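Enquirer: Pasting the sequence and the predicted coordinates here, then a few questions.
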Amino acid sequence: MIHRLDLRPEAKGVGMTSQRARDRMVERLREQGIRDERVLNVMRALPRHAFIDEALASRAYEDTALPIGKAQTISQPWVVARMTEALIEQGMPATVLEIGTGSGYQTAVLASLGIRVFTVERIEELLRTARPRFRTLNLHELIRSKHADGNLGWAENGPFDAILLTCAAPMLVQPLLAQLNDPGVLISPVGTEAGKQKLLRVAKREGRSLEQDLGPVSFVPLLPGVL
Ligand code: SAH
């Protein structure tokens, strides 16, 4: 099910934030190897410019990460597309745990696919900015968010069909793997140095975990504690 987006006029955008700008972004994603039409359709519909500061809105559909304050960034569209594709490739999960809400864009992409998303963010101010966006887009019923250290996951709502980290962990986070369903899939950037991180997919099946390297990525770090 693709969730119907309820767009207010200000979310619809004009010029650099128009439907045409989003169409061009999607064509670029296709050229860069994104194949899943469900992902492409959702990213064609979702206003990425509504997830960043107005001053940067004209750059919303460039294939680049952009600052969202507090030294954090909204992930680059290609990375969001690649991670989402990897997450749903083996079947659409009913529930996803996301670590690192940030702007809320990745959260909204997942909810737009009809997935129930549990998202955890350690910086309260970012969460406070992200939440009204979910409501504006009429996605709030599919999204639960909390201000906490994502290293611990969200055990009360687990196990989850899928887990996605939008920040880089030094290594796979074991407490999160423990909250993953069997079968289930976890997508995590791993590595400490920017430029030397890799995107890992761990598929859990019949008690065994299969690890796959999806290639080099660059993410802000997974940090301990809350702000
Ligand atoms: N998906 C987001 C990515 C934001 S960047 C977007 O596209 O906007 C990654 C986010 O992970 C940051 O907001 C950062 O604060 C958060 N983060 C880092 N360590 C965390 C932790 N331990 N628990 C929860 N969130 C964390």
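Expert: Good, I have the coordinates.
Enquirer: Near the ligand, which residues of this protein are found?
Expert: 68, 72-75, 99-100, 102-103, 105-106, 120-123, 126, 149-151, 166-167, 220, 222-223 (CB under 6 Å from any ligand atom). Yep, even glycine has a C-beta here, placed from its N, CA and C like the rest.
Enquirer: what's the closest non-adjacent residue to residue 79?
Expert: Spatial nearest neighbour of residue 79, excluding adjacent residues (CB to CB, 6 or more residues apart in numbering): residue 217 at 6.3 Å.
Enquirer: So what's the residue count around the one you found?
Expert: Residue 217 has 22 neighbouring residues, counting by other CB atoms under 10 Å.
Enquirer: which ones are touching residue 150?
Expert: 99-100, 120-122, 165, 167, 222 (CB atoms under 8 Å, 6 or more residues apart in numbering).
Enquirer: Can you pick out the ones from those residues that are in helices?
Expert: Among the contacts of residue 150, no member is found in helices (DSSP state H).
Enquirer: got TSV for these, with neighbour count and pLDDT too?
Expert: Shown next, in TSV, are the contacts of residue 150 (neighbours: other CB atoms under 10 Å; pLDDT from 0 to 100):
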residue	neighbour count	pLDDT
99	26	98
100	25	98
120	22	98
121	30	98
122	23	98
165	25	98
167	19	96
222	21	97
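Enquirer: quick check, nearest of these to residue 26?
Expert: residue 100 (23.8 Å; CB to CB).
Enquirer: What is the least confident helix or strand in the protein?
Expert: helix 9-12 (a mean of 59; mean pLDDT, DSSP states H and E).
Enquirer: and the next helix or strand after that one, how far out from the chain's middle?
Expert: Where DSSP states H and E defines the elements, the next helix or strand beyond helix 9-12 is helix 19-31. Centre-to-centre, helix 19-31 and its host chain are 18 Å apart (CA atoms, centre = their mean, to the nearest Å).
Enquirer: Not counting helix 19-31 itself, show me its contacts.
Expert: By CB under 8 Å, 6+ apart, helix 19-31 touches 12-13, 15, 40, 43-45, 47-48, 60-61, 63, 77-78, 81.
Enquirer: what do you get for stretch 73-87?
Expert: Under CB under 8 Å, 6+ apart, the answer for stretch 73-87 is 25, 29, 32, 34-36, 39-40, 42-43, 48, 51-52, 61, 63-68, 93, 96, 102-103, 105-106, 109-110, 113, 162, 164, 166, 185, 187, 199, 201, 214, 217, 219-220.
Enquirer: With stretch 188-199 instead?
Expert: 82-83, 86, 163-173, 176, 187, 200, 202, 213-219, 221.
Enquirer: residues of that stretch that come out buried?
Expert: With burial defined by 16 or more other CB atoms under 10 Å, the residues of stretch 188-199 counted as buried are 188-191, 197, 199.
Enquirer: Can you flag which of the contacts of helix 19-31 belong to strands?
Expert: Applying DSSP state E to those, no entry is found in strands.
Enquirer: Could you say which helix or strand holds residue 209?
Expert: strand 208-217.
Enquirer: Pull the distance from that strand to the chain's centre.
Expert: With CA atoms, centre = their mean, you get 17 Å for strand 208-217.
Enquirer: just the contacts of helix 19-31: which has the poorest pLDDT?
Expert: Ranked by pLDDT, these bottom out at residue 12 (65).
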